[in-house]
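Asker: Structure for this input, please:
(chains A, B, C and D)
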Protein chains: 2
Amino acid sequence: MAIDCGTCPLRELELFAPIKAEELEFMKSFKTGELRAEQGTEILAEGASSTQLYTALSGMGIRYKTMPDGRRQVVGFVLPGDFVGLQSGVMGEMQHSVEATTAMKLCVFNRSDFWRLFESQPQRAFDLTHLAAREEQLLGEALVTVGQMNGIARVAWALYRFYQRLKALELIENGRVPLPYRQQDLADAVGLSLVHTNKTLTRLREAGVATWQDDALVVHKEVELARLGNVEPGSISARPLI
Amino acid sequence: MAIDCGTCPLRELELFAPIKAEELEFMKSFKTGELRAEQGTEILAEGASSTQLYTALSGMGIRYKTMPDGRRQVVGFVLPGDFVGLQSGVMGEMQHSVEATTAMKLCVFNRSDFWRLFESQPQRAFDLTHLAAREEQLLGEALVTVGQMNGIARVAWALYRFYQRLKALELIENGRVPLPYRQQDLADAVGLSLVHTNKTLTRLREAGVATWQDDALVVHKEVELARLGNVEPGSISARPLI
DNA sequence: CGGTACATTGAGGCAAGTCAAGTTGAGTGG
DNA sequence: CCACTCAACTTGACTTGCCTCAATGTACCG
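Answerer: Model prediction:
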């Protein structure tokens, strides 16, 4: 178990803003270990007050809320570099659950050290707030999409956002990005039924825009996909990595 | 223009967590003035990088995103005590616009002092992150509602949340809370058409659950409204006031 | 007293939901 | 190596909640 944040491969990506040596030093003391979560494991539970917070290192997860009647709304997808458990850290309780969709490796922090971060590392505290504001931004965009767009636009939006994020993580190979989710996950994320989501994916595939099969997404017409999803094409701006 | 945060009437509400004298002292130096916004004024614009941040003191506003085709998604309602402009302060750019629905009075802060807050007031920085996490929570709940619920549940959810928030602000009088928005605002918030929203409000009124007329909301069956909106009845937990 | 803004109501159409029946592929075990 | 199971994906047929269009009502205002 390597607690060497200095060689963390994620930090080398352009996606993540560089940090000072002193901050890196602090992060080493903040990090208390690594967690390996198997596929299907629940990492954080809605309503629970976890003593641990995480940054995803590898693998993919899903954030969701469950309704009384069993239905589910996916509120986000966890990719490497994402911070998990901020609500728990700051408000004492998670408002959604987080589950490992694939096997995951996560960097573990203690909630009890959280305050120390704010006290002694203002830049890191700022970064944390930055991440919180980003989450808010992402959710706001999801709300716009689900609230205002029709089926094809919703699916296109989700696929294009996946494509952008995974490309920024340099997980793209031969034009394919890994996308190990189920259609049901996408359906629950965009507020469509599974059947309609499936038919919409078929339409996108037959239109030659994008193909999502065998846990991988291939975008054939990037600009067209972005247009359908009402997203500005382009890459994602740099952001902090906790 | 009174820059005396010590006598700020909002602080006396139970809704807002008390702060230390030293923090209050800092807030006085952080506050640079007050802004009066007339009805209909745009306080912050989507995509703009404002040099000012605000806390609403009185009046009500609306947060929204505009789509290329002119449609609008309301991402939140600004009530007294709400912090406005966090995204701008931390990411440099607003992701949604904020408009004054009624005349408003706002506490003004300079973005350039923002960093000073993180450096010298870790508790206030923590509180700010807390607020950001709350925004995230609220948006997550809105996403669940718009993504999974039918018309009546969406409208009931929105009305009950208004009722809870306004009650916590002690703006309730004779069982009525002020609600100076238009039906179109509610429609754009819950992702329904104006016509359908209107018909749904009529149904709620005729069922004797809640009546929203003349800029005021009267909830006749509180528990029933909460049930319809899939909300836990009860009051809102305390939160920081910046 | 026409103009404007918002609320209300009816009629008809369609996007998306539900139901139901396969198909496919991976795993498992006899 | 084939039969069986199970989870995920497909596809077709039917239904409906919500949308759009279009009028009308109502209050306020210059």
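
Asker: can we go C-alpha only for contacts and neighbour counts from here?
Answerer: Noted.

Asker: Just the CA atoms of stretch A:18-33, as PDB, please.
Answerer: The C-alpha trace of stretch A:18-33 is given here as PDB (Å, rounded to 0.1, in the frame of the first residue of the first chain):
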ATOM      1  CA  PRO A  18      -0.600  21.100  -9.800                       C
ATOM      2  CA  ILE A  19      -0.100  21.600  -6.100                       C
ATOM      3  CA  LYS A  20       2.800  22.900  -4.100                       C
ATOM      4  CA  ALA A  21       5.300  20.600  -2.500                       C
ATOM      5  CA  GLU A  22       4.200  21.700   1.000                       C
ATOM      6  CA  GLU A  23       0.600  20.800   0.100                       C
ATOM      7  CA  LEU A  24       1.700  17.400  -1.200                       C
ATOM      8  CA  GLU A  25       3.400  16.900   2.100                       C
ATOM      9  CA  PHE A  26       0.200  17.600   3.900                       C
ATOM     10  CA  MET A  27      -1.700  15.200   1.700                       C
ATOM     11  CA  LYS A  28       0.600  12.400   2.700                       C
ATOM     12  CA  SER A  29      -0.300  13.000   6.300                       C
ATOM     13  CA  PHE A  30      -4.000  13.400   5.400                       C
ATOM     14  CA  LYS A  31      -4.100  10.100   3.500                       C
ATOM     15  CA  THR A  32      -4.600   7.200   5.900                       C
ATOM     16  CA  GLY A  33      -4.600   4.300   3.400                       C
END
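
Asker: Chain A against chain B: which residues are in contact?
Answerer: Contact residues, chain A versus chain B (CA under 8 Å from any CA of the partner chain): A:65, A:71-73, A:75, A:86-87, A:90-91, A:95, A:118-119, A:122-123, A:125-126, A:128-130, A:132-137, A:139-140, A:142-144, A:146-148, A:188-192.

Asker: out of the residues you listed, which are buried?
Answerer: A:65, A:72-73, A:75, A:86-87, A:90-91, A:95, A:118-119, A:122-123, A:125-126, A:128-130, A:132-137, A:139-140, A:142-144, A:146-148, A:188-192 (16 or more other CA atoms under 10 Å in any protein chain shown).

Asker: In helices, which of the residues you listed appear?
Answerer: Of those, the ones assigned to helices by DSSP state H are A:86-87, A:90-91, A:118-119, A:122-123, A:125-126, A:128-130, A:132-137, A:139-140, A:142-144, A:146-148, A:188-190.

Asker: tell me which element A:L35 is part of?
Answerer: Assigned by DSSP states H and E, A:L35 falls within strand A:31-37.

Asker: wait, does the next helix or strand after that strand contact DNA strand D?
Answerer: Remark: after strand A:31-37, the chain's next helix or strand is strand A:42-44, criterion DSSP H and E. No: residues of strand A:42-44 are not located near DNA strand D by CA under 7 Å from any atom of the strand, the shortest gap being 14.9 Å.

Asker: Tell me what angle the helix or strand following strand A:42-44 forms with strand A:31-37.
Answerer: Next along the chain after strand A:42-44, taking DSSP H and E as the criterion, comes strand A:52-58. With axes from the mean of the first three to the mean of the last three CA atoms, to 10 degrees applied, the angle from strand A:52-58 to strand A:31-37 works out at 60 degrees.
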